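*Asks:* output the structure for:
(2 chains)
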Amino acid sequence: NAGVTQTPKFQVLKTGQSMTLQCAQDMNHNSMYWYRQDPGMGLRLIYYSASEGTTDKGEVPNGYNVSRLNKREFSLRLESAAPSQTSVYFCASSEQGNSPLHFGNGTRLTVT
Amino acid sequence: GDSVTQMEGPVTLSEEAFLTINCTYTATGYPSLFWYVQYPGEGLQLLLKATKADDKGSNKGFEATYRKETTSFHLEKGSVQVSDSAVYFCALTRNSGNTPLVFGKGTRLSVIA
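*Replies:* Here you go, the predicted structure:
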């Protein structure tokens, strides 16, 4: 009954360091998403993958890359972290693009 | 483009008070509408949804009616509890194609005993 699992839960990076946020879902969903949540800004879509083998930019893709490794897994990579990327990152999945989303519990990232 | 506007928070209510959180939208066509709730330290969870005009979504005592004439989907609850303290997000998606949800900025609700 895991749903959407994100790792790590917390991370602190120095400016310029790189890291990958991992996300896996066990609901056989086709679509997966990465959002960031900042105070007063709500949720903003970074990238999404409508189906295995496809990825598309969302509202705020700059500074990020994604990989849809297989149907279950969708990772988000920061190649050179910046303080502006300090945020809480949420992965989500859905049966298809216009179905309700299932969210993970988030990764809290701080870039110093 | 499509957008969702929610009332700004925070909203502070006493237990058993009536809750309304306003949500209006701009979209082409006939979107589906959703309310999500985020409890502290957790991800968002679907609270309720409506897929066509005049539909009423309901769950856990919360209700929202899809009003096409006013492009609104206001969230209501007749008697809030302390456990309802959370951030509430209104969202929409088009019913055709693989278009991701568009979220409002969220409204924080605090219920005090």
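*Asks:* neighbours of residue B:89, just the number please.
*Replies:* 26 (other C-beta atoms under 10 Å in any protein chain shown). Yep, even glycine has a C-beta here, placed from its N, CA and C like the rest.
*Asks:* could you report the neighbour count for residue B:19?
*Replies:* Close neighbours of residue B:19, defined as other C-beta under 10 Å, add up to 18.
*Asks:* OK, contacts around it?
*Replies:* The contact partners of residue B:19, by C-beta atoms under 8 Å, 6 or more residues apart in numbering or on different chains, come to B:11, B:13, B:75, B:76, B:77, B:80, B:84, B:109.
*Asks:* ok, 6 Å please
*Replies:* If you count contacts by C-beta atoms under 6 Å, 6 or more residues apart in numbering or on different chains, residue B:19 has them with B:77, B:80.
*Asks:* pLDDT score assigned to it?
*Replies:* pLDDT, residue B:19: 97.
*Asks:* and it, its phi and psi?
*Replies:* phi -110, psi 130 (degrees, to the nearest 10).
*Asks:* is it bridged to anything, and to what?
*Replies:* For residue B:19, the beta-bridge partners are residue B:77 (DSSP bridges).
*Asks:* spatially central residue for chain A, please.
*Replies:* The structure's chain A has its C-alpha centroid closest to residue A:34; by C-alpha atoms, centre = their mean the separation is 3.0 Å.
*Asks:* my guess is that residue meets residue A:48, correct?
*Replies:* No: Residue A:34 lies out of contact with residue A:48 (C-beta atoms under 6 Å); the separation is 7.2 Å.
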